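Undergrad: What follows is a predicted structure for the sequence shown.
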Amino acid sequence: MMAIFELDWTQVAEVGPNAGPHPRMPDTAQDGQQVYLCDSLRWGRRRLGWTLAELARRSGVSASQLSRIERGQVARSAVFT
C-alpha cells in the first residue's frame, strides 16, 4: 500500500525509544500464563533455529496459527486443548 501511494516509513511512522514490540501486560494470572507460554514457544523455537514453517511441519499446527500463538493473539484455540 505504501508503494502505491509512494510513501516511505518516515512519512507514516515516528521512531520511538523502543525498537521492539510493545510488551504484553497480563491482566490476570491466566493471562500471565498465556503470555509466558507464547514467549516460551517463540524462545524455544528460535533457540532450536527453527522457522515457523519448520515448527509447523513438526507439530502439525499451521505456521499462521503458531505465529498468532507466539504473538498472543489466540485467546481460545483447539491447539491448547
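TA: It's in.

Undergrad: How much space separates F5 from V12?
TA: 9 Å (Cβ to Cβ, to the nearest Å). Placement of C-beta: from N, CA and C, glycine included.

Undergrad: right, I mislabeled it, should have said D39
TA: D39 is 29 Å from V12, by Cβ to Cβ.

Undergrad: buried stuff in the helix or strand encompassing Q65?
TA: According to DSSP states H and E, Q65 maps onto helix 63-70. For helix 63-70, burial by neighbour count (16 or more other Cβ atoms under 10 Å) applies to Q65, L66, I69, E70.

Undergrad: Over to stretch 47-59?
TA: For stretch 47-59, the neighbour count (16+ other Cβ under 10 Å) marks L52, L55, A56 as buried.

Undergrad: Give me the contact list for it.
TA: The contact list for stretch 47-59, computed with Cβ atoms under 8 Å, 6 or more residues apart in numbering, reads R45, V61, S62, A63, L66, S67, E70.

Undergrad: One more pass at 7 Å, please.
TA: R45, S62, A63, L66, S67 (Cβ atoms under 7 Å, 6 or more residues apart in numbering).

Undergrad: next one: stretch 60-74
TA: Counting by Cβ under 7 Å, 6+ apart, R24, Q34, V35, C38, L41, R42, L52, A53, L55, A56, V79 sit against stretch 60-74.

Undergrad: Show the average pLDDT along the longest helix along the chain.
TA: Secondary structure assigned by DSSP state H gives helix 29-48 as the longest helix of the chain. In this model, helix 29-48 has a mean pLDDT of 82.
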